[in-house]
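*Asks:* Dropping a prediction and its sequence here:
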Protein chains: 2
Amino acid sequence: MRLSKRGEYGLRAMIVLAEPVEKNTMPVVQIKEIAQREQISPKFLEQILLSLKNAGMLHSKMGVGGGYYLARSPSEITLGQIFRVLDGPVAPIKCVSQMSYEPCGCPDEQTCGLRLVMGDVRNAIADILDNTSLADVTRRQISVRKKLGIE
Amino acid sequence: MRLSKRGEYGLRAMIVLAEPVEKNTMPVVQIKEIAQREQISPKFLEQILLSLKNAGMLHSKMGVGGGYYLARSPSEITLGQIFRVLDGPVAPIKCVSQMSYEPCGCPDEQTCGLRLVMGDVRNAIADILDNTSLADVTRRQISVRKKLGIE
DNA sequence: ATAAAGTCTATAGTACTAGTATACTTTTAG
DNA sequence: CTAAAAGTATACTAGTACTATAGACTTTAT
């Protein structure tokens, strides 16, 4: 039940990119900066951000002073959307996927016990990921920092 | 966020092995029978059941009329236990794993937004898997069959 | 004794993961 | 107008995990 590095790095990067928007500073951030902050190979991150761009979630500016920035407001981008671009369906097994269903090999899908439970799991995961926006994450980070009294 | 074939087949097999116990018939079932019913390569299933046996969840009887049977009552075996034997930790990312924690590369774990959300995801999954026993699955299958009025 | 069944270990093909490399295009500063 | 900064795009690779398959062995019922 693991998140790939691709997915992990992409999510981290998007969270970083949401920060300046919330702070009302210049939203354009360079790959290099994100890579450094989050300890990611810049070249690998490049690929990931490109996928996200091609999926319409990021825009970019070329040339000197360029970089990436969110295509929509942080409150309109959910972790579920990002996850699906990078790691595919949320469902643990294809036969319970809403977005990309495929039959699994069980004798009778309707009464398959595993399918029933995995359907619950899928819904639990999707509930969290689809109802958590980048803005929610940023807000949560800030509140944790406050609670710790640091920074 | 996928369940491996290993995990899928193992869970299916355990659900099959729980049925006769609930029905109070002879609990010993052969690999071949499970493999046929669930469309699994018998040799692959063999390995999987062996792992489950070595983990203490199954017993077996060799020789003619032999086969596998549950080591404990279906109500005492949870899907979470089975899953962890076959697929490892439930957590999507190591730094939120209860059973086998490892730090991830983020700059500050306490305030890492991704970690906070993935912690929620882990808990949601574990909640379901650790609170669903094989007996629960069997019960649920029966109730679905009744609702459909079939069999 | 023999056949049915599980045990155990090795190995092989394939796909996926996580990253490198390289050659390009666009943009801005000077 | 050109050099450097930055993104674009694609190809490649080493390693690992996944999904089995194979074969030799052990135990047990009849």
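*Replies:* Sure thing, it's come through.

*Asks:* Disregarding residues adjacent in the polypeptide, which is nearest to the residue in chain A sticking out farthest from the centre?
*Replies:* Ranking residues of chain A by C-alpha distance from their mean position (Cα atoms, centre = their mean) puts A:Pro107 at the top, at 34.8 Å. Distances taken as Cβ to Cβ, 6 or more residues apart in numbering or on different chains place B:Arg37 nearest to A:Pro107, at 6.4 Å, with adjacent residues excluded. From N, CA and C alone the C-beta is placed, and that goes for glycine too.

*Asks:* Quick check: buried residues in whichever helix or strand the one you found is part of?
*Replies:* Under the criterion of DSSP states H and E, B:Arg37 resides in helix B:31-38. Neighbour-count burial for helix B:31-38 flags B:Ile31, B:Ile34, B:Ala35, B:Glu38 (criterion: 16 or more other Cβ atoms under 10 Å in any protein chain shown).

*Asks:* Pretty sure the residue nearest to A:Pro107 sits against B:Val16.
*Replies:* Yes: with contact defined as Cβ atoms under 8 Å, B:Arg37 counts as touching B:Val16 (6.4 Å).

*Asks:* So stretch A:87-95, near DNA strand D or not?
*Replies:* No: contact of stretch A:87-95 with DNA strand D (Cβ under 7 Å from any atom of the strand) is absent, the minimum separation being 10.5 Å.

*Asks:* what comes up buried for that stretch?
*Replies:* Neighbour-count burial for stretch A:87-95 [16+ other Cβ under 10 Å]: A:Asp87, A:Pro89, A:Val90, A:Ala91, A:Pro92, A:Ile93, A:Cys95.

*Asks:* give the contact list for the fourth one.
*Replies:* Think A:Ala91. Contact partners of A:Ala91, counting by Cβ atoms under 8 Å, 6 or more residues apart in numbering or on different chains, are A:Ser97, A:Gln98, A:Met99, A:Met118, A:Arg122, B:Met1, B:Arg2.

*Asks:* rewinding a little: please report the distance of the residue farthest from the centre of chain A from DNA strand D.
*Replies:* Distance of A:Pro107 to DNA strand D, computed by Cβ to the nearest atom of the strand, to the nearest Å: 16 Å.

*Asks:* confidence score at that residue?
*Replies:* For A:Pro107, the model assigns a pLDDT of 82.

*Asks:* now chain A, which segments are flagged as low pLDDT?
*Replies:* Applying pLDDT under 70 to chain A flags residues A:26, A:151.

*Asks:* now the helices for it?
*Replies:* Assigned by DSSP state H, chain A shows helices spanning A:5-22, A:31-38, A:42-54, A:79-87, A:113-130, A:134-148.

*Asks:* Near A:Lys147, how many residues? Count them for me, please.
*Replies:* A:Lys147 has 10 neighbouring residues, counting by other Cβ atoms under 10 Å in any protein chain shown.

*Asks:* Please see if the helix holding B:Arg37 touches DNA strand D.
*Replies:* No: using Cβ under 7 Å from any atom of the strand, helix B:31-38 stays clear of DNA strand D, coming no nearer than 9.6 Å.

*Asks:* From the centroid of chain A, which residue is nearest?
*Replies:* A:Ile82 (3.4 Å).

*Asks:* A:Arg122 is in contact with A:Gly80, correct?
*Replies:* No: using Cβ under 8 Å, A:Gly80 makes no contact with A:Arg122, being 11.5 Å away.

*Asks:* Give the residues shared as contacts by those two.
*Replies:* Joint contacts of A:Gly80 and A:Arg122 (Cβ under 8 Å, 6+ apart) are A:Val90.

*Asks:* Between the buried residues of helix B:31-38, which sits nearest DNA strand C?
*Replies:* B:Ile31 (3.9 Å; Cβ to the nearest atom of the strand).

*Asks:* thinking that closest one is in contact with B:Leu49, fair?
*Replies:* Yes: applying Cβ under 8 Å, one finds B:Ile31 in contact with B:Leu49, separated by 6.5 Å.

*Asks:* shouldn't A:Met1 be in contact with A:Ala124?
*Replies:* No: counting by Cβ under 8 Å, A:Met1 sits too far from A:Ala124 to count as a contact (11.5 Å).
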